[in-house]
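Chemist: Test case, fold it:
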Amino acid sequence: MSVQIASVIPGSPAAKARLRAGDTLVAINGHPIEDVLDYRFYIPDTRLKLTVVSDGRSRTVRLRKEEYQEIGLEFDTYLMDEQRSCRNKCIFCFIDQLPSGMRESLYFKDDDSRLSFLFGNYITLTNLTEHEIDRIIAMHISPINISVHTTNPDLRCRMMNNRFAGDCLQTLHRFVQAGLTVQCQLVLVPGYNDGEELDRTLRDLAALGPAVRSVAAVPVGLTRHREGLLPLRPFTPEECRQVIHQLETAGDAMLASTGSRVFYPSDEWYIRAGLPVPDGDYYEEYAQLENGVGMTALLREQFVEALEQETRAPRHDRFVIATGVAAAPFLQELVEKAKARWPYLQVQVVAVRNDFFGELITVSGLVTGGDLIKQCEGIAMDTLLLPENMLRQEQDRFLDDVTPSQVEEALHTKVCLVPETDGAALLEAFM
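Modeler: Reported below is the predicted structural model:
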């Protein structure tokens, strides 16, 4: 249990203590360091005693610093270890539905508990060792984001194609019993974990009490690249309405008994069902935005508030908002609100059909640069507004490796990125 130091930031506490690249960090205040989880957990203290191996000899280095100040060590990877991949073969896995020829990083299936704590990634619990479980409990780090999908052990094994997937539900119970909180995700597949099975899952999670902070249910995403995979189908509008009814019924019961709704359908259910998305109050603290829960309500709430407070007049540019098919009608409603105040405002909403992944994929986050260019060609515009989630985290390229500058060149326009849940930023883009 040790990690090699790749570099030391000049002027940092570590540099002043004469730590060097190539030294090995063994322990902090007596606690062994094996990865970023240990490191981040133990460095906030103002006084640190580091056990370090330099040139084959162990030595002790003492540091004093401000609370939460970085000590100045850098490592070869952010995790200080290799990223852990998924051991499952889920019947609904989106990565298995990617076409060939995309960049290699897109095919990596992440299931790393450390990324859950650091970045909010969801984990299935199937590759946690006893040591890791004990460490999580000892550190009392929460919430833990867990992809549950179903609480039926046999069904979970079948859906995840992992004979240990059912046993791992006991880990969820261990975390709760240890006083940790969890946030859960359910990817629903028609004919598998919907209907009575969904009711069972909701009952079982409700029985865990306030430790379960929120549960998001999302419909399975199906691309046109499913050759050789188990045949699956999308939910029908009527089935979407049934899922919404089940989740809202369970949520109403939790709200009455605990003061929090806990169970939430993602916005996509309402859109597919042809039902209005609830207002912002429904979503309480918006705990599941990353799963598409309440994004529409938050954007609307912020846009309307910003519109009421705005004292400036928009530019006379020709704006185009490009988005996924699902969000387009909603964005058109916001545009109409703005036009009611400024009749001269020129804004066109373009719903980009997903030819790359298939028309069943309607979210903006999976729109490719190629589809965007093809379907916006010939539209007169001065500024193209795009939600940030169309690009990867670095905001430098789309899923098909097209860059924003290539879009600008192809469409002869300026590209402006807007946070997908920030209504005030959307309005600001018109100014």
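
Chemist: Any regions of the stretch 301-431 of the chain where pLDDT drops low?
Modeler: Of all residues in the stretch 301-431 of the chain, none has pLDDT under 70.

Chemist: rerun at 80
Modeler: Low-confidence segments of the stretch 301-431 of the chain, defined by pLDDT under 80, are located at 393.

Chemist: Strands of that one, residue ranges please.
Modeler: 318-324, 346-352, 383-387, 414-418 (DSSP state E, counting those that start in this stretch).

Chemist: can I get these in a markdown table with distance to residue 175 and mean neighbour count?
Modeler: C-betas here are computed from N, CA, C, even on glycine. Supplementary listing: those in a markdown table, determined by distance: least, CB to CB, whole Å; neighbours: other CB atoms under 10 Å:
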| stretch | distance to residue 175 | mean neighbour count |
| --- | --- | --- |
| strand 318-324 | 35 | 23 |
| strand 346-352 | 40 | 19 |
| strand 383-387 | 34 | 22 |
| strand 414-418 | 37 | 16 |
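
Chemist: Put together a markdown table for these, with distance to residue 100 on each row.
Modeler: Listed next are those as a markdown table, based on distance: least, CB to CB, whole Å:
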| stretch | distance to residue 100 |
| --- | --- |
| strand 318-324 | 23 |
| strand 346-352 | 23 |
| strand 383-387 | 26 |
| strand 414-418 | 28 |
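
Chemist: To residue 51, which of these lies closest?
Modeler: When the strands of the stretch 301-431 of the chain are ranked by distance to residue 51, counting by CB to CB, first place goes to strand 414-418 at 45.2 Å.

Chemist: Next up, the contacts around residue 154.
Modeler: residue 166 (CB atoms under 8 Å, 6 or more residues apart in numbering).

Chemist: how does it look with 10 Å?
Modeler: Taking CB atoms under 10 Å, 6 or more residues apart in numbering as the criterion, residue 154 is in contact with 165, 166.

Chemist: repeat for the one 10 residues further on
Modeler: With contacts taken as CB under 10 Å, 6+ apart, residue 164 has the following neighbours: 87, 88, 125, 126, 127, 156, 157.

Chemist: now swap in residue 89 and tell me
Modeler: Per CB under 10 Å, 6+ apart, neighbours of residue 89: 96, 109, 159, 160, 161, 162, 229, 230.

Chemist: Lowest-confidence one in those?
Modeler: In terms of pLDDT, the lowest of these is residue 109, showing 91.

Chemist: surely that one meets residue 123?
Modeler: No. Checked against CB atoms under 10 Å, the pair residue 109 and residue 123 is beyond contact range at 11.4 Å.

Chemist: Please enumerate the shared neighbours of those two.
Modeler: When contacts are counted by CB under 10 Å, 6+ apart, the set common to residue 109 and residue 123 consists of 84, 86.

Chemist: Need the pLDDT of the residue nearest to the spatial centre of the chain.
Modeler: Nearest to the mean C-alpha position of the chain, counting by CA atoms, centre = their mean, stands residue 290 at 4.1 Å. Looking at residue 290, its pLDDT is 92.

Chemist: so residue 7 bridges to which residues?
Modeler: Each beta-bridge partner of residue 7 is listed here: residue 74, as defined by DSSP bridges.

Chemist: dump the residue contacts of it.
Modeler: With contacts defined as CB under 10 Å, 6+ apart, the neighbours of residue 7 are 14, 15, 20, 21, 22, 72, 73, 74, 75, 76.

Chemist: So which of those residues are in strands?
Modeler: Among those, DSSP state E puts 73, 74 in strands.

Chemist: In the contacts of residue 7, find the pair that's most separated.
Modeler: 15 and 76 (18.4 Å).

Chemist: who's more crowded, the two?
Modeler: The residue with the greater number of neighbours, taking residue 15 and residue 76 and applying other CB atoms under 10 Å, is residue 15; the counts read 16 against 12.

Chemist: quick one: the more buried one and residue 73, what's the gap?
Modeler: The span separating residue 15 from residue 73 equals 9 Å under the rule CB to CB, to the nearest Å.
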